[in-house]
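Q: Using only what follows, build the 3D model:
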Amino acid sequence: MKLIFAGETDTGCVRSANQDSFHIDPDGRYFIVADGMGGHAGGEEASRLATDAIHSYLESAWSEAQSPHQLLQQAIYKANQAIISDQNANPIRGDMGTTIVIVIFKESQTWFCHIGDSRLYRLRGSKLEQISEDHTWIAKAIQDGTVDAESARSHPWRHMLVQCLGREDIKAISAEEIDVQPGDRLLICTDGLTEELSNDRIARELKNIRSCPQAARALVEAAKAHGGRDNITVVIIANELNS
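A: Model prediction:
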């Protein structure tokens, strides 16, 4: 598996601070995207704490004899505890939290774990598929059939998370293996991208722009041109075809 990757983050056109964070391992072993909440200072701190804690844990535990599933679960728990510890030490940030998406490439397998509504997509050919499932009130309402997908795009509760990092009552975290074939592209992003661009537009940019850095920048600029109402973070991972 030959991976090419790039990431891009932007404050957007409305917000005065960037509460998103991301980290890309230079060796392509793991990728992290977080979208913080809880005011400027709280959101920035929550996403940074989560990203730093996960990065630190993965570096220290990568060679240990545990499965990718266990590695991801422990990374999530470490991040959650780091945020809660900061909340306890700094009550002014007591309501901060963050979404998280982690993708790892280990033992010839690809795994991911996530909390919240930041997303993981896979582009295969021209088809863009959302791999992660949003942990939001609106996603559950769509699943239950009480709200249709079209109405969900403008529903006032569409951003209401039912789970995020920074909560004592965090539910059991599941990690899943992803099928990644040669030619596939993975996209990890915050909702600042998906709120502005349709799946068709995202797929078109990913398919037509082969350079990962250029594709990431094009997606960010397209989201800003459409309003850029939130911070925008994009990480693209391409599994290159064998030449």
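
Q: what about the closest residue to K2 other than its chain neighbours, how many residues close to it?
A: Excluding the flanking residues, the one nearest K2 by CB to CB, 6 or more residues apart in numbering is E240, at 4.5 Å. (Glycine included, C-beta is placed from N, CA and C.) Neighbourhood size, E240 [other CB atoms under 10 Å]: 15.

Q: Kindly report the same for L193.
A: 28.

Q: Helix or strand: which one has it?
A: Per DSSP states H and E, L193 falls inside helix 191-194.

Q: again with F112
A: Judged by DSSP H and E, F112 forms part of strand 109-115.

Q: any idea how far that strand is from the chain center?
A: 10 Å (CA atoms, centre = their mean, to the nearest Å).

Q: For that strand, name the packing helices and strands.
A: helix 68-89, strand 97-106, strand 175-178 (3 or more CB pairs under 8 Å, 6 or more residues apart in numbering; DSSP states H and E).

Q: Sheet partners, orientation included, of that strand?
A: The strands beside strand 109-115 in its sheet (DSSP bridges) come out as strand 97-106 (antiparallel), strand 175-178 (antiparallel).

Q: same question for stretch 188-196, mean pLDDT?
A: Averaged over stretch 188-196, pLDDT sits at 96.

Q: can you check stretch 23-39 too?
A: 95.

Q: in it, what counts as buried?
A: For stretch 23-39, burial by neighbour count (16 or more other CB atoms under 10 Å) applies to 23-25, 30-39.

Q: Tell me which of these fall in helices.
A: G39 (DSSP state H).

Q: now M1: how far from F22?
A: Using CB to CB, to the nearest Å, M1 is found at 21 Å from F22.

Q: And A53, by the same measure?
A: 14 Å.

Q: ok so, going back, each with direction, which strands does the very next helix or strand once past the strand holding F112 pair with?
A: Using DSSP H and E, the helix or strand that follows strand 109-115 towards the C-terminus is strand 119-124. Here strand 119-124 has these sheet partners by DSSP bridges: strand 127-130 (antiparallel), strand 185-189 (antiparallel).

Q: what sits up against the longest one?
A: Contacts to strand 185-189, defined as CB atoms under 8 Å, 6 or more residues apart in numbering, come from residues 22, 31, 33, 101, 103, 110, 118-123, 128, 178, 180, 202, 206, 219, 232-239.

Q: Below-threshold pLDDT in this structure: ranges please.
A: The chain contains residues with pLDDT under 70 at 40, 137-145, 147-158, 172, 242-243.

Q: how about 90 then?
A: 1-2, 38-42, 65-66, 95, 107-108, 133-164, 168-174, 240-243 (pLDDT under 90).

Q: Please report the number of neighbouring residues for the residue nearest to I232 when sequence neighbours are not counted.
A: Leaving out its chain neighbours, the residue that sits closest to I232 by CB to CB, 6+ apart is G192, at 3.8 Å. When neighbours are defined as other CB under 10 Å, G192 has 30 of them.
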